[in-house]
Every structure is written in C-alpha cells, then in structure tokens.
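Enquirer: Based on what follows, work out the 3D shape:
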Amino acid sequence: MPNQLSRTFAALLLASSPLALSACTESIAQEADRFAAVEIKAQPLGEGIAVLIGAGGNIGVSYGPDGTVLIDDQFAPLTPKIQAAIADLGAEPVKYLINTHWHGDHTGGNENFGKAGALIMAHDHVRERMLGIQKSGRGNDPASPGEALPTVTYHDGLKLHLNGDEVHVKHMKHGHTDGDSIVFWKKANVLHMGDLFFNKVTLPFIDLNSGGNARGVLAAAEKALTMVDDKTQIIPGHGPMATKSDLIAYRDMMQTVITAVEQAQGEGKSLEAVQAMKPAAQWDTNPEAFIKGDAFVEAVYRSLQRPVHSEEQPH
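Expert: Numbers count the residues shown, from 1 in each chain. Purely as a prediction, here's the structure:
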C-alpha cells in the first residue's frame with residue numbers, strides 16, 4: 001500500500017497560507033499520535049520465526065546463529081518499536097532485510113535499518129521505483145534516500161541458506177505492483193505473500209501506476225498454492241495469519257471477479273455498467289476496508305484492458 005505520510009508532507013511543503021500551514025501541522029501531529037499509540041505484537045510461528053503486526057504491512061522475522069532476517073519494515077517512526085519487539089524474541093539486530101515491494105508501509109523503515117547496518121534486498125523494480133518520484137493514490141511519493149535503497153537486487157528471485165533453513169524469494173510478475181516477491185521458509189513451512197494477499201481486511205489493492213495487474217495477483221495466488229500444504233502458515237501483507245484454505249478462497253474470489261468483468265467487457269459494457277453489476281459485492285463486507293468494491297472492480301477492468309504480462313518499466 002502507498003506511503004500514507006507522503007500526502008501530508010507534500011501538503012505541508014506546498015502550503016502558503018497560515019490557515020493551510022495550521023491544518024497541515026495538525027495533520028502531522030495526528031499521524032505522530034497514531035504511530036505513538038501503535039503496539040508491535042509478535043506472534044511466534046515456530047522455532048526462530050515470527051510475524052510482527054503493527055501499522056502497515058505484516059513483518060516476517062527469522063532469527064538464529066546466522067543473523068536476523070526481516071521481511072518488510074512498516075513506517076519509519078515505528079523502527080524503535082520493531083527493534084524492541086525483535087530483541088524481545090531473543091534475536092540479534094537485523095542483519096538482512098527483504099522488501100516484498102516498494103510501498104512505504106513496507107519500506108518506510110528502510111533508511112533506519114540501512115543506517116544500522118542491514119543489507120537490504122528486493123526485486124530490481126523496487127530499487128528502480130524507490131530511486132524516483134512515484135505516483136500513488138495519495139499523490140506523489142518522493143524518491144527515497146540512499147540508505148533506504150536495496151543494495152542487492154534480483155530479477156527472478158534468490159535463495160538464502162540461513163539459520164538452518166532455505167529461504168526462497170520469488171518474483172511474481174505484475175501483481176500488486178511490478179516488483180512483488182513472495183518469501184518461503186522451506187523447513188519452517190511459512191510463506192510471506194506481501195500485498196499479493198490481503199486476508200479478510202480489504203479487497204485487493206492493485207497498483208496500476210506501479211505496473212500492477214489483476215491477472216498477476218491471480219497468477220501469484222495460483223503459484224503460491226503449488227508451494228503450500230494444509231500445515232503452511234501464510235503471512236498476508238495485511239490481515240491475520242492465514243491458511244491454505246484462506247488462500248484458496250482468495251484465489252477463487254479473484255477468478256470469479258476477473259471472469260465476470262472479462263465477460264462484461266466482451267459484451268461491450270462500460271466500466272460504470274460493470275460496477276453497477278457489483279461482481280465483488282459478496283466480498284465487499286468491511287465498511288472500513290482500504291479498497292471497496294467499485295475501486296477493486298475498476299482496477300480489474302483496467303487491468304484487463306492491458307496486454308498480458310506487459311513488460312512496462314518503472315517510470
């Protein structure tokens with residue numbers, strides 16, 4: 001999901017009147033208060049592996065004699081709390097950091113962890129997007145400082161042999177964004193899906209501005225299902241821990257909505273007409289969801305207007 005602070009800071013920089021400045025200052029204070037109240041909760045998943053839940057994307061953490069591996073890092077103001085939660089697990093400070101994609105609620109702490117000595121890894125497109133100004137639903141997200149950038153990047157994926165496990169990092173093309181990765185601990189049987197999987201809290205967010213596509217989200221779910229079994233613990237990008245059956249239900253939802261929208265497009269229906277059909281209504285049940293039915297259907301509709309597996313580059 002996009003950096004929720006970017007719009008606030010951009011508004012402050014552009015404000016020219018005392019009234020506007022006062023409003024922006026109040027908004028920043030509210031953001032600070034929100035982060036001040038956030039509690040980072042650790043949920044152990046097995047020996048040397050846990051999930052940290054706070055504000056922003058769910059964090060995977062693996063720790064042991066080879067060092068601590070972090071998957072995503074939420075927002076910068078939360079870094080001290082994340083570090084404290086890691087220490088409470090009995091783990092050493094973060095040595096390796098993997099970003100599942102570029103959005104600020106997953107990479108906001110990069111600069112802090114980078115300065116502290118963590119080696120940051122991500123897909124090629126994550127670094128490319130963080131190097132420049134990016135469009136988001138909340139405005140323009142600024143380029144990231146050098147210390148926040150991934151220093152090790154990959155195209156298809158990589159494999160890490162750490163803490164007695166094999167950590168498989170795999171790129172999923174054009175899904176939530178164009179730089180998504182999933183992370184699988186083979187021995188622990190734990191899969192981190194990043195924002196390719198939102199579990200029970202919102203309909204999917206497909207970032208079309210960042211090369212995302214509904215087809216890719218569906219393909220990622222189908223690929224992930226070949227990697228898991230009934231005992232796999234699945235960390236979604238947002239929402240509670242999930243099982244294979246939860247991921248199957250998510251895959252089926254994606255397939256159902258895509259099929260309905262694709263059929264309607266074939267009949268020449270406009271976006272507005274397809275939205276009026278409410279093809280996602282049975283899953284649009286959370287009034288506080290980040291993405292509601294019409295926004296999700298629009299993302300699917302526009303996804304299907306794009307070439308399959310488009311190789312568009314970051315911009």
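Enquirer: which helices and strands does the lengthiest strand in the chain pack with?
Expert: As assigned by DSSP state E, the longest strand anywhere in the chain is strand 165-172. On a contact count with 3 or more Cβ pairs under 8 Å, 6 or more residues apart in numbering; DSSP states H and E, strand 165-172 meets strand 157-162, strand 180-185, helix 214-225. No exception for glycine: its C-beta is placed from N, CA and C like everyone else's.
Enquirer: Next, format the ones you listed as CSV and append distance to residue 240 and mean pLDDT.
Expert: Converted to CSV, the helices and strands packed on strand 165-172 look like this (distance: least, Cβ to Cβ, whole Å; pLDDT from 0 to 100):
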stretch, distance to residue 240, mean pLDDT
strand 157-162, 26, 97
strand 180-185, 18, 98
helix 214-225, 17, 98
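Enquirer: Of these, flag the one that's most buried.
Expert: Among these, judged by mean count of other Cβ atoms under 10 Å, the one packed with the most neighbours on average is strand 180-185 (a mean of 26).
Enquirer: Could you list which residues are in contact with residue 192?
Expert: If you count contacts by Cβ atoms under 8 Å, 6 or more residues apart in numbering, residue 192 has them with 58, 60, 71, 100, 182-184, 234-235.
Enquirer: Could you tell me which helix of the chain is the longest one?
Expert: Secondary structure of the chain per DSSP state H: the longest helix is helix 244-266.
Enquirer: Just the buried positions in the helix or strand that that one is followed by, please.
Expert: Where DSSP states H and E defines the elements, the next helix or strand beyond helix 244-266 is helix 271-277. Using 16 or more other Cβ atoms under 10 Å as the test for burial, helix 271-277 gives 271, 274-275.
Enquirer: Ok, stretch 190-202 next?
Expert: If you call a residue buried by 16+ other Cβ under 10 Å, then stretch 190-202 has these buried ones: 190-200, 202.
Enquirer: and the buried residues of helix 271-277 as JSON lines, adding pLDDT and distance to residue 114?
Expert: Formatted as JSON lines, the buried residues of helix 271-277 follow (pLDDT from 0 to 100; distance: Cβ to Cβ, whole Å):
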{"residue": "271", "pLDDT": "98", "distance to residue 114": "41"}
{"residue": "274", "pLDDT": "98", "distance to residue 114": "43"}
{"residue": "275", "pLDDT": "98", "distance to residue 114": "42"}
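Enquirer: Serialize the residues you listed to CSV and add fields for distance to residue 244.
Expert: Compiled in CSV, the buried residues of helix 271-277 are given as follows (distance: Cβ to Cβ, whole Å):
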residue, distance to residue 244
271, 34
274, 31
275, 32
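Enquirer: Each with direction, which strands does the longest strand of the chain pair with?
Expert: Sheet neighbours of strand 165-172, with direction, are listed as strand 157-162 (antiparallel), strand 180-185 (antiparallel) (DSSP bridges).
Enquirer: right, and the ones you listed - which one's nearest residue 54?
Expert: With distances scored as Cβ to Cβ, the stretch of the strands paired with strand 165-172 nearest to residue 54 is strand 180-185 (18.4 Å).
Enquirer: which residues sit in contact with residue 217?
Expert: Residue 217 sits next to 175-176, 196, 204, 206, 254 when contact means Cβ under 8 Å, 6+ apart.
Enquirer: Distance from the chain centre to the longest helix of the chain, please.
Expert: Centre-to-centre, helix 244-266 and its host chain are 20 Å apart (Cα atoms, centre = their mean, to the nearest Å).
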